[in-house]
Each structure stands twice: as C-alpha cells, then as structure tokens.
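K.L.:
here's a sequence, model it:
(2 chains)
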Number of protein chains: 2
Amino acid sequence: MITVLTGGTGGAKFVEALKQLLPARQLTLIVNTGDDLDWWGLHVSPDLDSILYVVAGMLSKERGWGVEGDTFECVEAMGRIGAPAWFRVGDRDLATHLTRTQLLASGRTLTQATAEIAAALGVQPSILPMSDERVETRVATPAGELSFQEYFVRERYRPEVRSVRFLGAEEAVPAPGVLEAIAHADAVVLAPSNPITSIGPILAVPGIRQALRETEAPVAAISPIVGGAAVSGPAGALMAAQGLPVSVAGVAQAYEDFLDLLIVDERDASAAESLRKSGLQVHCTNTIMKTAEDKAALAAAVLQLITPSAARAG
Amino acid sequence: MITVLTGGTGGAKFVEALKQLLPARQLTLIVNTGDDLDWWGLHVSPDLDSILYVVAGMLSKERGWGVEGDTFECVEAMGRIGAPAWFRVGDRDLATHLTRTQLLASGRTLTQATAEIAAALGVQPSILPMSDERVETRVATPAGELSFQEYFVRERYRPEVRSVRFLGAEEAVPAPGVLEAIAHADAVVLAPSNPITSIGPILAVPGIRQALRETEAPVAAISPIVGGAAVSGPAGALMAAQGLPVSVAGVAQAYEDFLDLLIVDERDASAAESLRKSGLQVHCTNTIMKTAEDKAALAAAVLQLITPSAARAG
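P.N.:
So this is what the prediction gives:
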C-alpha cells in the first residue's frame, strides 16, 4: 500500500500518473484541507476536489482545477447579483460543493462526506482529508492576514508574504485512517506540492509528523522546487517567508525529521550531491510533468524507488 | 397604489403587463411562499423568483419559470452524483437561491432577503412574501401527503388530490408591509393565479383575509378558470378537492367574503350574468394571455376598472 500526502493542482498531476500504475485499493491519498473555504455559504474543499476529480478522470486538464468542460453561468450570475465572484466555481463543480455542504449539515464528518462523494463519482482509492476539524491556512501580508484562497486566487499571490500559520491546527486531530495509512504503508510519498501551504497544513495536524517519523515505511518526497524556484505557484515566496532556502535543500529541511528519500530534478544534480553528504538519500530524475509521458515516467521512477521489491533489488 | 396578490407563473404574466402600465413605486406585489422548498440545502422560493424575474425582465418566456437562457449543468451534475434532480434549478437561477440562503442564514428575514435581491436585480416594485414564517402547502393524495413541488413538479400533478392544507399557516403572521399594502391601496387585485395553492396560502395567513374584507380599496380578482377549466395547471382538480365548483362561480365563492369585482373571460358571459344576480360586480373580457398584446389589454382593462378615476368615470 502506498500513502500519498498531497495538495491540489501540483499533487494532482502526480496522483493522476500514480493511479495508472497501481491498483486503486493500494492507494491512500491524504489531502490538505487548509485551503478550504466557506464560499456562498458552501463548504468548498479545493484540494479534496482536485484529487477527487483527477482520480475520477473529471479534472480540467486545461485549468488544472475544477471539472473538465465546466461552465461558469452561476458565478457570473453571482457577480451580477453583487456577490463575490473571484473564486470561480464552475456549474458542475457546484454539485460537489452543494453535496458536501448538505452532508456536513446532516452531521457527516468531512471524511464521511468525502467517502460518499468519492463513491458517487466512482472513485476507488481511499481519499482522506488530513483532519475532520477545520484548519485554516492564514497568510500574513503587509495588507493584513489573508486566507489562502484570498492570497492565492483573489490577490494572485502578489502580496509580500510575511508568515504563514495554520489556524486551528493545534486543536485538530488527524482524520480517521490517516495515522494508520502512514503507519501501515509500504511507502509514503509526499507529492510535489507546495511544502508550506499544501503539505505544511497536513504536517501541522498534531500526530501526523510523528507518524511519519515513526513509520517503518520509507518516506519519500518529490521536490516541487527545481533550479532554485518553484515549478509553479508561490512555493518559493512562501518557503522564504518561513525561513527556508528556496532550493531542494529547503525542501529537505522542511521534511528533515522524517524524510528518507528526496527525489529532485536532474537540473539539481549538484545540490543533490551536497545533500547526499548530509546523509539523505537523493535521487535525480526529470520531475517536470509537462506531458503524460513525463508524469508516467516520474510516477514509475518513484514507485521503483520506494516499493519493497525495488528496495530489495537496490 | 395598486397591490397585487399573486403566485408564480400564472400571476407573473399579469404582473409583467401591469408593470408596463404603472410606475414601479405604485406597485406592491404580495407573493405566495407556500411553494417554498429546501432544495440541496438551499431555500428556494419559486413564486418570489418568478415575480422577481418577470419584473427584472429575466423570466424565461419559453418556460414561464427560471431565468431566460439559463443552462442546467449543475442539476445534471447533481443527478450524476446521486442527488435528486427532478426540480430543475438553472445555473443562473442558483445564484438567487444561494444568495437568499446566505441572507437567511445571516439572520435576515425573507422580506429583507427579498428586498436585497430585488435591489441587486434592479427591481423597483415592492415585492413582499406573504409571511416571513414558513407556511407549507401540503397536498393529500392516495399515495400520501406531498409538498406542493412534489405534487406539481415531481408527480406532474397526476395524483388524485384529496385535500390541501397549509402547514404552519395558523402560527404565521403577515410579513411587514403586507397588511398596510392592502389597507392603503387604491385597489387590490388577485392575479389570475390558482385560487387554492397560489392565492390560498396567502389568504391562510391570519389577518390577510380580514384586511381584504376591511380595506376601503376595491378588491378585484381575475379568474384563472375559463369555461369550466383552468387555463393551465391543476387549479381545477385542487378547487374540486376543496369543494369548490370548477367555474367562475367557484372562484367567486373562494373569495366571496371580500371580493368586489370578478373579471372573467368572455366565454363565461352567461356564468357572469348569474353571478351578477347574486350582487357581485362581474366584468367580461379576454383573459387568455397568449400574446404581449393580450397581456397588455387585460392589464389595461383591469386598471381601467379598478383605479379611482376609472371608477369615477364609471
């Protein structure tokens, strides 16, 4: 069994490739919910949705979020009625938010609601929110503290980031199954997601970091930083704000207490060499997922590195 | 000032014509909310919406409900996810339900929420729900009691109707402004809406019937029954179930304690003559609103009959 910790768009590409290579029941996905937001009175879980949609084969390839071929009539109408419209919920996407909101209102936990939606979409891998409690990623900027979506979508990650915190994390507990999925995995993989605001919230839930330290499974991470910059999005600025070097060394540092293997891009071969001297196992391969072939090759390489048979062969 | 009591699609056509002939501030619309439903966790007020949309020029002419040119991607997606999809909410229409639900959740009354939505849509006439409390039209059938939308939309009004009741009506009070709009009107008009399930719930709210009896304004009704049958919809079956003749005489009987003037179709000239003998003022004209000209002519005829200058001239 492979357990993957992942965020949204970045991790979704990797998960998409991984699910082609593994039987669904061998895959458990632990997903960031720090980006969740109340939007028009609905509970929106952008990262859970991206993972649900990519596994269901519904994710928009063009946008990297939302439903393929979706329309945006409702959000346009919301704009005309004077409601905020900067978070662009698609019309088909809305069905997921409406369903989740109803399930939560009826007393289901986020884990249960996610499982019911996954079943309805025909999704087989186990998709777990990191926690059933609300944990909210908050980004401090010169203009004040923003939610992650305000920072990322509304402000298009232009504001300077002073710090990041995870509101509610201290009181949160891991969702049912999360600690077990880490403890009993054959391998744990941190997807090439933003270490601060995609993986960071998961690690901020008390108990998860410890489970990663204690699991007997190898823990691997794929660096979302290539050549001293994020492949996409604001990971660089966010890492810098949290005092981490914007480099594969910074990724290694973010995960240093539990990481066994770091997978970095070929362009970071020299940085990889330095990291190896510190005792970390580092593997260089192409990590840029532009084509389906890129994704498949990266997922195959990671599986080769982390699965027990491959480990024995190594 | 003209105050109109109205339901959804039937009354909407009349209101559409009336608003062409009157300054917006002279028109108050008291709307049935007995059809309201919780749908996907949202508060949907079909009749309020039909009236809002028709006054805003947004009502679908083809369907007679919902927003002109709307799409149905969300409801299709809800169906795929396993949610009920028989009540076909359009994607743009959803914006109204999301907004109303949020306003109600934030503590606004239905009257306040309606006013805010009306303002956002640029609607000037005063649109009032009959009550801020929930009153639910329940239709007893051989297969059990149904909500109005279950009976009307889901079952396409095929079940036999045994009786109709208005759950919650006894405890409800008229929404702010309703009694005043009746008391201080120059004329009150009951739109050609279903007397049982469109006008009936309004009359079931304690105080409204009395206000109609006591107002000094003339109270007129346009019969939705023409030639012994409803112009559209299940009004006939519903009237019969409530013990009323399915005729203009039945309409007169439904409103007998407060009605001053009944406007019936030319085809009911002989029935009109009988009603006149009982002392009711009855006017015959074309009441079938097929074209814009039909609607305008009917609205003009009604205004001519009920406005004080016309009354003086008469």
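
K.L.:
once you drop chain neighbours, what's closest to the closest residue to chain B within the stretch 201-314 of chain A?
P.N.:
In the stretch 201-314 of chain A, the residue that lies nearest chain B is residue A:292 (25.5 Å; CB to the nearest CB). (Each C-beta comes from the backbone N, C-alpha and C, glycine too.) Spatially, and ignoring its direct neighbours in sequence, residue A:292 is nearest to residue A:17 (7.8 Å; CB to CB, 6 or more residues apart in numbering or on different chains).

K.L.:
now for the one you found, how many residues are close by?
P.N.:
Using other CB atoms under 10 Å in any protein chain shown as the criterion, residue A:17 is surrounded by 22 other residues.

K.L.:
just say helix, strand or coil for it.
P.N.:
helix (DSSP: H, G, I helix; E, B strand; the rest coil).

K.L.:
quick one: is stretch A:75-83 near chain B?
P.N.:
Yes. Shown here: stretch A:75-83 in contact with chain B (CB under 8 Å from any CB of the partner chain) through A:76-78, A:80-83.

K.L.:
re earlier: give me every residue that touches the residue nearest to residue A:292.
P.N.:
A:289, A:292, A:295-296, A:298-299 (CB atoms under 8 Å, 6 or more residues apart in numbering or on different chains).

K.L.:
pick the one among the residues you listed closest to residue A:221.
P.N.:
residue A:298 (12.8 Å; CB to CB).

K.L.:
hmm, the closest one is touching residue A:286, no?
P.N.:
Yes. In this structure residue A:298 lies within contact range of residue A:286 using CB atoms under 8 Å: 6.8 Å.

K.L.:
out of the two, which sits in the busier spot?
P.N.:
Neighbour count, other CB under 10 Å: between residue A:298 and residue A:286, residue A:298 has more, with 23 against 15.

K.L.:
so that one, which state does it fall into?
P.N.:
helix.

K.L.:
check it and give its pLDDT.
P.N.:
As predicted, residue A:298 sits at a pLDDT of 95.

K.L.:
I'd like to know how far it sits from residue A:20.
P.N.:
12 Å (CB to CB, to the nearest Å).

K.L.:
and residue A:144, by the same measure?
P.N.:
Taking CB to CB, one finds residue A:144 at 43 Å from residue A:20.

K.L.:
do the same with residue A:202
P.N.:
Taking CB to CB, one finds residue A:202 at 24 Å from residue A:20.

K.L.:
between the two, who's got more neighbours?
P.N.:
residue A:202 (29 against 11).

K.L.:
A strand includes that one, no?
P.N.:
No. Assignment of residue A:202 by three-state DSSP gives helix, placing it outside any strand.

K.L.:
excluding sequence neighbours, find me the nearest residue to it.
P.N.:
In space, residue A:202 is closest to residue A:130, 4.4 Å off (CB to CB, 6+ apart).

K.L.:
kindly report the same for residue A:85.
P.N.:
Per CB to CB, 6+ apart, closest to residue A:85 is residue A:79, 3.6 Å.

K.L.:
would that neighbour count as being in a strand?
P.N.:
No. Under the criterion used here (three-state DSSP), residue A:79 is helix, not part of a strand.

K.L.:
I'd say the residue nearest to residue A:202 and residue A:33 touch.
P.N.:
Yes. In this structure, residue A:130 is within contact of residue A:33 by CB under 8 Å, at 5.6 Å.

K.L.:
count of neighbours near residue A:121?
P.N.:
For residue A:121, the neighbour count with other CB under 10 Å is 18.

K.L.:
mind pulling up the pLDDT for it?
P.N.:
For residue A:121, pLDDT reads 95.

K.L.:
just to revisit the earlier point, which residues do residue A:130 and residue A:33 both contact?
P.N.:
residue A:201.

K.L.:
and the stretch 201-314 of chain A, which residues reach chain B?
P.N.:
Counting by CB under 8 Å from any CB, the stretch 201-314 of chain A has no residue next to chain B.

K.L.:
can you show me the strands along the stretch 201-314 of chain A?
P.N.:
Listed in chain order, the strands found in the stretch 201-314 of chain A under DSSP state E, counting those that start in this stretch are A:219-222, A:225-226, A:229-230, A:261-265, A:281-285.

K.L.:
what angle separates the last one from strand A:261-265?
P.N.:
Going back to what we said before, that points to strand A:281-285. Per axes from the mean of the first three to the mean of the last three CA atoms, to 10 degrees, the angle that strand A:281-285 makes with strand A:261-265 is 30 degrees.

K.L.:
okay, now the sheet partners of strand A:281-285, with direction.
P.N.:
If you go by DSSP bridges, strand A:281-285 pairs up with strand A:261-265 (parallel).

K.L.:
other residues contacting the partner strand?
P.N.:
A:218-223, A:226-227, A:248, A:251-252, A:255, A:271-272, A:275, A:280-288, A:298, A:301-302, A:305-306.

K.L.:
so for that strand, mean pLDDT?
P.N.:
97.

K.L.:
host element of residue A:94?
P.N.:
helix A:91-105 (DSSP states H and E).

K.L.:
packing partners for that helix?
P.N.:
strand A:42-44, helix A:46-56, helix A:73-80, helix A:110-120, helix B:73-80, helix B:91-105 (3 or more CB pairs under 8 Å, 6 or more residues apart in numbering or on different chains; DSSP states H and E).

K.L.:
mind listing what the closest residue to residue A:166 other than its chain neighbours touches?
P.N.:
Nearest non-adjacent residue to residue A:166, counting by CB to CB, 6+ apart: residue A:204, 4.2 Å away. Residues near residue A:204 by CB under 8 Å, 6+ apart: A:34, A:135, A:166, A:169.

K.L.:
tell me how many other residues crowd the nearest residue to residue A:274 once chain neighbours are set aside.
P.N.:
Once flanking residues are discounted, residue A:274 sits nearest to residue A:249: 7.2 Å by CB to CB, 6+ apart. Residues within reach of residue A:249, counting by other CB under 10 Å, total 23.

K.L.:
what about residue A:249, distance to residue B:108?
P.N.:
Residue A:249 is 54 Å from residue B:108, by CB to CB.

K.L.:
which intervals of the stretch 151-300 of chain A have sub-threshold pLDDT?
P.N.:
Applying pLDDT under 70 to the stretch 151-300 of chain A flags no residue at all.

K.L.:
was I right to think residue A:154 contacts residue A:88?
P.N.:
No. Applying CB under 8 Å as the test, residue A:154 and residue A:88 come out as separate, 10.8 Å apart.

K.L.:
find residues that contact each of these two.
P.N.:
Common neighbours of residue A:154 and residue A:88 (CB under 8 Å, 6+ apart) do not exist.

K.L.:
for the stretch 51-200 of chain A, list the residues in contact with chain B, please.
P.N.:
So the stretch 51-200 of chain A meets chain B at A:67, A:70-71, A:73-74, A:76-78, A:80-83, A:90-96, A:98-99, A:101-102, A:105, A:117, A:120-121 (CB under 8 Å from any CB).

K.L.:
what about residue A:11, how many neighbours?
P.N.:
30.

K.L.:
quick check: closest non-adjacent residue to it.
P.N.:
Here the residue nearest residue A:11, using CB to CB, 6+ apart, is residue A:191, at 3.3 Å.

K.L.:
I'd say that neighbour and residue A:16 touch.
P.N.:
No. Counting by CB under 8 Å, residue A:191 stays clear of residue A:16, with 10.6 Å between them.

K.L.:
the more surrounded of the two?
P.N.:
Between residue A:191 and residue A:16, counting by other CB under 10 Å, residue A:191 is the more crowded of the two (28 against 21).
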